[in-house]
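Undergrad: I would like to see how this sequence folds:
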Amino acid sequence: MAHGYTPGLRVAAETTLRRQRRLPIAGRVLVERGARVRAEDVVARADLPGDVAPINVVSLLGITPAELERHMLRKQGDAVERDEVIAETHPFIKWFRSTARSPIAGTIEVVSEITGQVMVRGAPKPVDVRAYIDGVVVEVQPKEGVVVETTGALVQGIFGVGGEVSGEVAAVAHGPDAALGPADLDESLAGKIVLAGALVTHDLYNRAAAIGVAALVAGGFHDRDLKALLGYDLGVAITGHEKIRPILIMTEGFGRIAMARATYDLLASHAGRRASANGTTQIRAGVMRPEIIIPSAASAAARTCDLGRPGGRDLEVGSAVRLIREPGFGRLATVRQLPPGIQEVECGARVRVVEVEFAGGQRVTVPRANIEVIEK
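TA: Numbering: from 1, shown residues only. So this is what the prediction gives:
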């Protein structure tokens, strides 16, 4: 039988996953190898140096740099409070006294008799790295971080915004092609990862944000609403740093697109279970997909039912596929023929093609690079 090889998203009913949790700078690891952790647990911590506030003491006191040391009330290395006097003059008439105060709380780091400047460094800023998933620490990287392993379900999306969250899965949409309205959400969904069907509208997103939903997972989201949500055009840069709640994960693409049945059924079957979600997306070199991970209670042997294994999967007659480029972006279809050899397409390029059939019976021929396999 003719077959091809095409990349795709991954949906696994049960598989073993590892996620590296790493500090941005050297710090300390707070857990040991073999420790069981929950998504919210802090596994590593580092302290970023605080901000530096320069104080032009010689200008404030009207002295020369050479006179700075004898007018200082605090020396290098001393801790100071905000608005604390750190230097002053000693005139014969005390009402003519001049003072210099620290603009921040911190530690005096530099007293320069060359420039007449005093530098105060603020308190260190702690940086915590959390486990992100419920699992077991299988590797410790001293001063850097850990690797956490878990066994469970995995769903990858096509695009997302926002960082890492955790919470229970809530199947609010009653089908992969359903679209919710703001009235379908209530306060019981606070902190949960909500399965929202085919479309999240801007009004629905605002309602979810007001409630405190952790994540919205849907087939699609309009690009105009994404710009309104973020306040700018996203472009092609990596996402995941947006300070938004709920995070947003699209499993199919932009616009109203029914969620793939395999994706919906898997997520809905885990309603009420704890899960972790991450909207981080990178679509160029080093591809990163948004994901939902639902750890299982037991570490059974991995069994997968992929929507495309990492790096690709076989394409054959009968394969269910999704179009990933225009025309027809996001539509679901079934492979009917895999013509051999190279054919010329409408734009004039000569490529390998595939004939697919949509739900209504319409058949079209498209380049194989324009599709991805979604179920076997």
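Undergrad: C-alpha only now, for contacts and for neighbours.
TA: Noted.
Undergrad: CA atoms of the host helix or strand of residue 218 as PDB?
TA: Taking DSSP states H and E as the criterion, residue 218 maps to strand 215-221. Extracted in PDB, the C-alpha atoms of strand 215-221 (Å, rounded to 0.1, in the frame of the first residue of the first chain):
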ATOM      1  CA  ALA A 215      -6.900  27.500  31.100                       C
ATOM      2  CA  LEU A 216      -9.300  27.400  28.200                       C
ATOM      3  CA  VAL A 217      -8.800  24.600  25.700                       C
ATOM      4  CA  ALA A 218     -10.700  24.900  22.400                       C
ATOM      5  CA  GLY A 219     -10.600  24.000  18.700                       C
ATOM      6  CA  GLY A 220     -10.100  27.700  17.700                       C
ATOM      7  CA  PHE A 221      -9.900  31.400  18.600                       C
END
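Undergrad: So which residues make contact with whichever helix or strand comes after it?
TA: As assigned by DSSP H and E, the chain's next helix or strand after strand 215-221 is helix 223-230. Contacts to helix 223-230, defined as CA atoms under 8 Å, 6 or more residues apart in numbering, come from residues 201, 202, 233, 234, 242, 254, 255.
Undergrad: Settle this for me: the first one is touching residue 221, isn't it.
TA: Yes - under the criterion of CA atoms under 8 Å, residue 201 makes contact with residue 221 at 6.6 Å.
Undergrad: who has more neighbours, the two?
TA: Set residue 201 next to residue 221 and count neighbours by other CA atoms under 10 Å: residue 221 wins out with 27 against 19.
Undergrad: can you pull the contacts of the more buried one?
TA: Here residue 221 is in contact with 199, 200, 201, 250, 253, 254, 255, 256 (CA under 8 Å, 6+ apart).
Undergrad: which regions of the stretch 101-250 of the chain lie under the pLDDT threshold?
TA: Filtered on pLDDT under 70, the stretch 101-250 of the chain yields the residue ranges 236-237.
Undergrad: actually the stretch 251-376 of the chain, not the one I typed
TA: Checking the stretch 251-376 of the chain against pLDDT under 70 turns up 285-286, 298-314, 347-349, 375-376.
Undergrad: again, only using 50
TA: 299-312, 376 (pLDDT under 50).
Undergrad: Got phi/psi on residue 34?
TA: Dihedral angles of residue 34 (phi, psi; degrees, to the nearest 10) stand at phi 100, psi -10.
Undergrad: The closest residue to it other than its chain neighbours: which element?
TA: Of all residues not flanking residue 34 in the chain, residue 137 sits nearest, at 5.2 Å (CA to CA, 6 or more residues apart in numbering). Take DSSP H and E as the rule and residue 137 turns out to sit in strand 135-141.
Undergrad: Over to residue 32?
TA: Using DSSP H and E, no helix or strand contains residue 32.
Undergrad: Test my guess that it contacts residue 140.
TA: Yes - counting by CA under 8 Å, residue 32 touches residue 140, with 6.9 Å between them.
Undergrad: State the number of residues packed around the residue nearest to residue 34.
TA: 23.
Undergrad: Across the sheet, point out what pairs with it.
TA: residue 148 (DSSP bridges).
Undergrad: Same question for residue 292.
TA: Applying DSSP bridges, one finds that residue 292 bridges with residue 155, residue 277.
Undergrad: residues touching it, list them.
TA: Counting by CA under 8 Å, 6+ apart, residue 292 touches 154, 155, 156, 275, 276, 277, 278.
Undergrad: What separation do you get for the most centrally placed residue in the chain and residue 277?
TA: Centroid check for the chain by CA atoms, centre = their mean gives residue 163 as the closest residue, at 2.8 Å. Applying CA to CA, to the nearest Å, the value for residue 163 to residue 277 is 8 Å.
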